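Peer 1: Just the structure for this:
(2 chains)
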Amino acid sequence: MFKGTNASAGIGIGKAAIIKEVEMVIRPDKVASVETEVTRFRGALADTVAQTKALEETLATRVGEKEAEIMQGHLMLLADPMLTGEIEEAIKRDSVCSEYAIETTCTTYADVFAAMDDELMQQRATDMRDIKTRLQQTLQGIKPVDIASLPEGSIIVAKDLTPSMTAGINPANVTGIVTELGGKTSHSAILARALEIPAVVAVSNVMDKIEEDDTVILDGGEGIVIVNPTDEGMKEYTAKRESFLQEKKDLERFKGVPTVTKDGVHIELVANIGNPDDLAKVLEYDGEGVGLFRTEFLFMDRTSMPTEEEQFEAYKKVAEGLSGKPVIIRTLDIGGDKEIPYMGLAKDENPFLGYRAIRLCLDRKEDIYRPQLRALLRASAFGGIKIMIPMITCIDEIREAKALIEDIKNELDRKDIPYNKNIQIGIMVETAAASLMADVFAKEVDFFSIGTNDLTQYTMSVDRGNEKISYLYSTFNPAVLRSIRNIIKCGREAGIMVGMCGEAASDPLMIPLLLAFGLNEFSMSASAILKSRKMITGYSSEELQAVADKAMSFVTAKEVEAYMKEFVNQ
Amino acid sequence: MVTAKVVIRNLTGLHLRPAGILCNKAILYKSRIQFRTDDDATANAKSVLSVLGACVKSGDEIEFICEGEDEQEALDSMIRVVEEGLGE
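Peer 2: As a prediction, the model looks like this:
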């Protein structure tokens, strides 16, 4: 059994089809006529461009638009006069063959990109190497490996999957993919997920470990590869595969189904997102909206403050993308612990308890908070935007933020700029103070969203990243549960919506308790939505009261968790 | 020679796609088109690799420098394509 990186979920069972790129030996062979060689290069370039255009079309129809964009990137690079000019220069200067000139030029660029800090730039290195190989193969008359004709039940085993190879993959025949190189975000992983073929990448020396026609089992979700399994192993994984496919099919049933408990309680089931690109997944998994749109991405990895315009465009994009469904946008929740040089923040001794989030924003109204709030208000004219404030501990913070919002509203009114005049303002309830003051705070905001991750850390006084004490981090600890129950009770009594955007919202052991406590809105990662809908629609919140009462009678996290496991598994 | 400054608004800065759009516009003109960044790097706007190498991030200001018979049109076109968002 070998371990790799889990790249695409699912179980693949089949016979290994080893895909080996033909070994090319690139030598600095001298050429007799530089002119002839340049012409030869240009011919190969034109052929490679044509081949790339064809691949782009195949990928667009077989896989998807986004994946075809990888080929568009190649076309742009192949059309770059600097690249082709340098290759021709190298041929002329050294009287050397095209293959060698391409090798040196492309490798130089690939190395430059690989050395950059930026992940996107590093992917350009892969593009450069792919282009290099294809140009050389065209020159050598080597045809790219034909994947389209693989027999049914094939598990592709290769060093890496180039987009050219992937274009030929027929999901009907290919039941799994194993590669030696790559990572979760490499082309091969992205394409495998798009085609919904189980895949495990980064399995070291896999080409030495598997032979043509070996029986291979792979678990794409766990990153495991088994070669020539025992009968038991085969049985086990065949069953796992059945149950994985069955569950997937089963969950599809829940698309378009309203999230209503057996006793008629309507629940809002929404998603957490970190940037506008996550939206596609939300719609795919039938999310009813967004319960947490983190805005930090707008402020990170850059050299200056995002302008109001930039922010406005991002918020508008998501609001429109959800066609009026609710989208709760959390204002900047960042501090000195993250690298944001242009903000000029001093390093906090204790970043968790430090100068961050609402504290930072209220102290930097003119250059940070006002532009963000103004962008949010303007974007609210385009969809169901709600504003959410993080890390509240005092009522003064709520009042000050609301006053600033009122001020901006007046300014927009004066300038006749449209916005949602009834926009809802809510808060994250994630600190001990907010939990204890929930009844008071509930009267001054339109909704709560419980951030269980931080709430648990603050309540248990534990840094979940510290291995020595991470055992203390548990949502099942009675202290945390009492806190959650109280927050929901106070919110419901004040007549406001209470949601949850922490991990607990999608935890099968927590969902029954949360329903019993009266949580209105569950926000989670898009991929957990259908599973949670299945669970919620299977319960009656009235019947769950007895379960919650029993769970709340325990005094240790262990007992609560054991009890919930027992309840859920019966 | 004519010059003008403009701020890059795209979320991902001048990455492959927006860079490609910029280059496709630039090669339509006869003039030499370059731009200079905040940290004094100069890039050839007609080369995707050159543009990528300049590592222009969102919010950065660049200065276009155009020289040739259609330099003014080229400059106006560059500013316009950046302000229109480079396809994003």
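
Peer 1: Remind me what the lengthiest helix in chain B packs against, helices and strands.
Peer 2: Scanning chain B for the helix with the most residues, using DSSP state H, yields helix B:71-83. Helix B:71-83 sits against strand B:2-7, helix B:16-26, strand B:32-36, strand B:61-67, with contacts defined as 3 or more Cβ pairs under 8 Å, 6 or more residues apart in numbering or on different chains; DSSP states H and E. Every C-beta, even on glycine, is put in place using the N, C-alpha and C of the backbone.

Peer 1: Export only the CA atoms of the second one, formatted as PDB.
Peer 2: Taking C-alpha atoms only, helix B:16-26 is exported to PDB below (Å, rounded to 0.1, in the frame of the first residue of the first chain):
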ATOM      1  CA  LEU B  16      -1.800  35.100 -17.400                       C
ATOM      2  CA  ARG B  17      -5.300  35.800 -18.600                       C
ATOM      3  CA  PRO B  18      -5.400  39.600 -18.100                       C
ATOM      4  CA  ALA B  19      -1.800  39.800 -19.400                       C
ATOM      5  CA  GLY B  20      -2.800  37.900 -22.500                       C
ATOM      6  CA  ILE B  21      -5.700  40.400 -23.100                       C
ATOM      7  CA  LEU B  22      -3.300  43.300 -22.600                       C
ATOM      8  CA  CYS B  23      -0.700  41.800 -25.000                       C
ATOM      9  CA  ASN B  24      -3.300  41.000 -27.700                       C
ATOM     10  CA  LYS B  25      -4.300  44.700 -27.700                       C
ATOM     11  CA  ALA B  26      -0.700  45.900 -27.700                       C
END
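
Peer 1: Please work out the average pLDDT along that helix.
Peer 2: Averaging pLDDT along helix B:16-26 gives 88.

Peer 1: chain center to it: distance?
Peer 2: Remark: helix B:16-26 is offset 8 Å from the chain centroid, using Cα atoms, centre = their mean, to the nearest Å.

Peer 1: Now do it: which elements does it pack against?
Peer 2: So helix B:16-26, by 3+ Cβ pairs under 8 Å, 6+ apart, packs with helix A:65-78, helix A:119-140, helix B:48-53, helix B:71-83.

Peer 1: What's the separation between the spatially most central residue of chain B and A:T108?
Peer 2: The residue lying closest to the centre of chain B (Cα atoms, centre = their mean) is B:A45, at 5.3 Å. With distances taken as Cβ to Cβ, to the nearest Å, B:A45 is found 21 Å from A:T108.

Peer 1: Likewise for A:V480?
Peer 2: A:V480 is 55 Å from A:T108, by Cβ to Cβ.

Peer 1: For those two, indicate the residue with more neighbours.
Peer 2: A:V480 (23 against 13; other Cβ atoms under 10 Å in any protein chain shown).

Peer 1: If we go by neighbour counts, what in the helix or strand that the more buried one is a member of is buried?
Peer 2: Assigned by DSSP states H and E, A:V480 belongs to helix A:478-493. By neighbour count on 16 or more other Cβ atoms under 10 Å in any protein chain shown, the buried set for helix A:478-493 is A:478, A:480-481, A:483-492.

Peer 1: avg pLDDT for it?
Peer 2: Rounded mean pLDDT across helix A:478-493 is 98.

Peer 1: Kindly state the pLDDT recorded for A:G336?
Peer 2: 66.

Peer 1: go on, A:K66?
Peer 2: Reported pLDDT for A:K66: 69.

Peer 1: ok, back up a step: comparing the helices and strands packed on helix B:16-26, which comes out most buried?
Peer 2: helix B:48-53 (a mean of 24; mean count of other Cβ atoms under 10 Å in any protein chain shown).

Peer 1: neighbouring contacts of that helix?
Peer 2: Residues outside helix B:48-53 that contact it (Cβ atoms under 8 Å, 6 or more residues apart in numbering or on different chains): A:76-77, A:79-80, A:82-83, A:109, A:112-113, A:121, A:124, B:14-16, B:19-20, B:22-23, B:41, B:43-45.

Peer 1: and those residues, which are buried?
Peer 2: Neighbour counting with 16+ other Cβ under 10 Å marks A:76-77, A:79-80, A:82-83, A:109, A:112-113, A:121, A:124, B:14-16, B:19-20, B:22-23, B:43-45 as buried within these.

Peer 1: From the chain's centre, how far out is the helix holding A:V480? Work that out for me.
Peer 2: So, by Cα atoms, centre = their mean, the centroid of helix A:478-493 is 30 Å from its chain's centroid.

Peer 1: lowest average confidence, helix or strand, in chain A?
Peer 2: For chain A, counting by mean pLDDT, DSSP states H and E, helix A:163-166 ranks last in confidence among helices and strands (a mean of 72).

Peer 1: Residue of the stretch 101-250 of chain A nearest chain B, please.
Peer 2: The nearest approach of the stretch 101-250 of chain A to chain B comes at A:L120, 5.4 Å away (Cβ to the nearest Cβ).

Peer 1: Just read off the phi/psi values of the residue nearest to that residue when sequence neighbours are not counted.
Peer 2: Of all residues not flanking A:L120 in the chain, B:H15 sits nearest, at 5.4 Å (Cβ to Cβ, 6 or more residues apart in numbering or on different chains). When read as degrees, to the nearest 10, the backbone of B:H15 gives phi -90, psi -180.
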